[in-house]
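S.K.: sequence isn't available, so here's the structure alone:
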């Protein structure tokens, strides 16, 4: 009986202890997507995907392929840090397994080590990247660089990478560089502010990657200059009907007389549509053909010899293309023989009426593509190949129901992505003229009638026109136009055809001055009564 009592006591003690023991947790999920980039003759950068949430850090392991029994833990990062640079202990010409392990609270909770093989192939010499010049403007960052000792490499790609955390790499933001020719002594590459974080210093490096590794220049940190400020004018309401409000101003702009109108509408209450008549007609004639269902109508895109130039989308069906352009319109200029693939600003709405401003491009085959940045062309300096699904960036998934291209983009995410006053090239083109617009229409001294379309942060669409080339209102240059739209609350906007094409119909009334011209046009855009 005494033995039974002792056994019962022991069982109770064991049961009590086991009830208090912590439950065994599962080990952490191992990292994945491990990439190794060569950053020098005997240096690499290892990057990976974090698949766990409870790690205390990551361990970095190294195994040489000529001695797989050896496994060295060569470093550790803090939690959530997924990059590690190795600059010592490697030998050129050898292969290594680089391993990453998520570290848990205990050894049992750490993940398994995931390895990737990388061959540190022998090189006669490594490519040299020389950064020759760097500067920041109010709408871009520009770097001039050159390569040497690179001609024997294969599968070469190069360009700029950037970050706001001081560690740019190909794993983060990057943009491929312009075409390199045999005559290229150096390359100029520009990052438009459409890809930069407003108001933040940016660290930029040149990269060159090939089948044998990736190399980076010394990084440089630049602060974009202060952007142009909004122009705020006094506006008076002239009309309000069917969800549309029209306002007019006679405020002076930079000391000049000025007349302008804008129509504002909520796309939940009206339809935005594009008209593409079979033959050129004035906006008065096009509005008359639409009847009372047309509330507001303005002129639209560019045209030449009676044909629309660029991209148009009506009822979801695209037509036209974004064609390459000459580097100069003057036959005596050597750039007249150089064709530049370009992207152009496009404004439109999807089937739900939501507005968007993007850059449109036409690939060699297939439907048009849309991007959140332009091809950063610089006339005479930087020529890029045509667009594709990943160039100049990953194409944006946008299905416009109604849209027109023109250009340039005046506003993108509240920023002005051009400044024709900066960095003259060849006497007629400008560093920040990525869409390569002709100088005789869009240069800083050109002041005339203007048309634009944009939208505000809460989705309201704005159609804008101003008089030009008359004493009562000489007009605007493009930078002034962008600043006025910014003052109206637009975050995104595109410039459309101006001069003698500019016009606005408010119902059946033509509101702007037509004394310089009332040109027949081949595309228009406007607000229409909502279709049920």
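M.R.: Arrived safely. All figures in this text were calculated on a predicted structure; none of them were measured in a lab. Numbering: from 1, shown residues only.

S.K.: which residues of the stretch 301-450 of the chain score low on pLDDT?
M.R.: 421-431, 439-441 (pLDDT under 70).

S.K.: please repeat the previous calculation with a cut-off of 80.
M.R.: Counting by pLDDT under 80, the ranges of the stretch 301-450 of the chain that qualify are 419-432, 438-444.

S.K.: the chain now?
M.R.: 1-25, 68, 123-125, 182-184, 198-199, 225-226, 419-432, 438-444, 515-517, 532.

S.K.: which residue ranges form the helices in it?
M.R.: With DSSP state H applied, the chain shows helices at 2-20, 283-290, 439-442, 478-487, listed in chain order.

S.K.: list the helices and strands the last one packs on?
M.R.: I take that to be helix 478-487. strand 409-411, strand 419-425, strand 450-456, strand 461-466, strand 490-496 (3 or more Cβ pairs under 8 Å, 6 or more residues apart in numbering; DSSP states H and E). In this view, the C-beta of every residue, glycine as well, is placed from N, C-alpha and C.

S.K.: go with 6 Å
M.R.: With contacts defined as 3 or more Cβ pairs under 6 Å, 6 or more residues apart in numbering; DSSP states H and E, the packing partners of helix 478-487 are strand 409-411.

S.K.: quick one: distance of the strand it packs on to the chain centre.
M.R.: Computed by Cα atoms, centre = their mean, to the nearest Å, the chain-centroid distance of strand 409-411 equals 12 Å.

S.K.: ok, residues contacting that strand?
M.R.: 345, 417, 482, 485, 490, 492, 493, 494, 495 (Cβ atoms under 6 Å, 6 or more residues apart in numbering).

S.K.: redo these as a markdown table? Include neighbour count and distance to residue 286.
M.R.: Output for the contacts of strand 409-411, formatted as a markdown table (neighbours: other Cβ atoms under 10 Å; distance: Cβ to Cβ, whole Å):
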| residue | neighbour count | distance to residue 286 |
| --- | --- | --- |
| 345 | 30 | 22 |
| 417 | 25 | 31 |
| 482 | 28 | 27 |
| 485 | 28 | 24 |
| 490 | 26 | 25 |
| 492 | 23 | 26 |
| 493 | 27 | 23 |
| 494 | 28 | 20 |
| 495 | 27 | 21 |
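
S.K.: show me what contacts the nearest residue to residue 481 once chain neighbours are set aside?
M.R.: Nearest-residue entry for residue 481: residue 450, 5.1 Å, with adjacent residues in sequence omitted and distances by Cβ to Cβ, 6 or more residues apart in numbering. With contacts defined as Cβ under 6 Å, 6+ apart, residue 450 is in contact with 466, 476, 481, 498.

S.K.: am I right that the first one is in contact with residue 262?
M.R.: This means residue 466. No - at 9.1 Å, residue 466 and residue 262 do not qualify as touching, with contact defined as Cβ atoms under 6 Å.

S.K.: settle it for me: which of these two has more neighbours?
M.R.: Using other Cβ atoms under 10 Å, the more surrounded residue of residue 466 and residue 262 is residue 466, with 28 against 24.

S.K.: the more buried one and residue 501, how far apart?
M.R.: For residue 466, the distance to residue 501 equals 13 Å [Cβ to Cβ, to the nearest Å].

S.K.: the nearest residue to residue 99 once chain neighbours are set aside: neighbour count?
M.R.: In space, and not counting its chain neighbours, residue 99 is closest to residue 61: 3.5 Å by Cβ to Cβ, 6+ apart. Counted with other Cβ under 10 Å, residues neighbouring residue 61 total 17.

S.K.: in stretch 347-358, what's buried?
M.R.: The neighbour-count check on stretch 347-358 (16 or more other Cβ atoms under 10 Å) flags 347, 348, 349, 350, 353, 354, 355, 356, 357, 358 as buried.

S.K.: the residues you listed: which two are farthest apart?
M.R.: Spanning the widest gap among those are 353 and 358, at 16.5 Å by Cβ to Cβ.

S.K.: care to break this structure down by domain?
M.R.: 32-119, 128-222, 236-529 (automatic domain parsing).

S.K.: end-to-end on stretch 36-50?
M.R.: 15 Å (Cα to Cα, to the nearest Å).

S.K.: what comes up buried for it?
M.R.: Judged by neighbour count (16+ other Cβ under 10 Å), stretch 36-50 contains these buried residues: 36-40, 42-48, 50.

S.K.: so which of those residues belong to strands?
M.R.: Using DSSP state E, the members of these that fall in strands are 36, 37, 38, 39, 40, 43, 44, 45, 46, 47, 48.

S.K.: who does the fifth one bridge with?
M.R.: The reference is to residue 40. The partner list for residue 40 in beta bridges (DSSP bridges) reads residue 43.

S.K.: now do the first one
M.R.: On DSSP bridges, the residues paired with residue 36 through beta bridges are residue 46.

S.K.: so it sits right up against residue 99, yeah?
M.R.: No - applying Cβ under 6 Å, one finds residue 36 not in contact with residue 99, separated by 11.0 Å.

S.K.: okay, which residue is most central for this protein?
M.R.: For the chain, the residue nearest the mean C-alpha position is residue 373 (2.8 Å; Cα atoms, centre = their mean).

S.K.: who's in contact with it?
M.R.: Contacts of residue 373 (Cβ under 6 Å, 6+ apart): 194, 195, 392, 393.

S.K.: return the member of those residues nearest to residue 454.
M.R.: Out of the contacts of residue 373, the member with the shortest distance to residue 454 (by Cβ to Cβ) is residue 194, at 15.1 Å.

S.K.: tally of neighbours for the closest one?
M.R.: 21.

S.K.: cool, residue 176 as well?
M.R.: That count, for residue 176 with other Cβ under 10 Å as the rule, works out to 17.

S.K.: excluding sequence neighbours, find me the nearest residue to it.
M.R.: Of all residues not flanking residue 176 in the chain, residue 159 sits nearest, at 4.2 Å (Cβ to Cβ, 6+ apart).

S.K.: correct me if wrong: the one you found contacts residue 177.
M.R.: Yes - Residue 159 is within contact range of residue 177, at 3.9 Å (criterion: Cβ under 6 Å).

S.K.: between these two, who's got more neighbours?
M.R.: Each of residue 159 and residue 177 has its neighbours counted (other Cβ under 10 Å); residue 177 has more, 22 against 18.

S.K.: contacts for stretch 521-532, please.
M.R.: Contact partners of stretch 521-532, identified using Cβ under 6 Å, 6+ apart, comprise 244, 265, 270-271, 273-276, 280, 283, 286, 293-297, 299-301, 303, 308, 404, 501.

S.K.: kindly report the same for stretch 500-516.
M.R.: Contact with stretch 500-516 is made by 239, 246, 261, 283-284, 287, 297-299, 449, 451, 465, 467, 469-470, 517, 519, 521, as judged by Cβ under 6 Å, 6+ apart.

S.K.: if we can go back for a sec, tell me what the residue nearest to residue 176 is bridged to.
M.R.: residue 176, residue 207.

S.K.: for it, what are its contacts?
M.R.: Neighbours of residue 159 in contact, by Cβ under 6 Å, 6+ apart: 175, 176, 177.

S.K.: the strands in the stretch 251-400 of the chain, which residues?
M.R.: Per DSSP state E, counting those that start in this stretch, the stretch 251-400 of the chain carries strands over the ranges 260-265, 270-275, 294-299, 303-304, 307-308, 312-314, 317-319, 325-326, 339-340, 344-350, 355-361, 369-371, 400-405.

S.K.: for stretch 501-518, which positions count as buried?
M.R.: For stretch 501-518, using 16+ other Cβ under 10 Å, the buried residues are 501-507, 510-514, 516, 518.

S.K.: that older thread, wait, which of the contacts of residue 450 is closest to residue 151?
M.R.: residue 481 (46.3 Å).

S.K.: that closest one and residue 380: what is the separation?
M.R.: Counting by Cβ to Cβ - residue 481 and residue 380 are separated by 26 Å.

S.K.: the two: who's more crowded?
M.R.: Legend: neighbour count by other Cβ under 10 Å for residue 481 and residue 380, higher for residue 481 (25 against 18).

S.K.: hang on, the earlier thing: ok, and the most crowded of the contacts of residue 373?
M.R.: Neighbour max across those (other Cβ under 10 Å) = residue 392, 25 neighbours.
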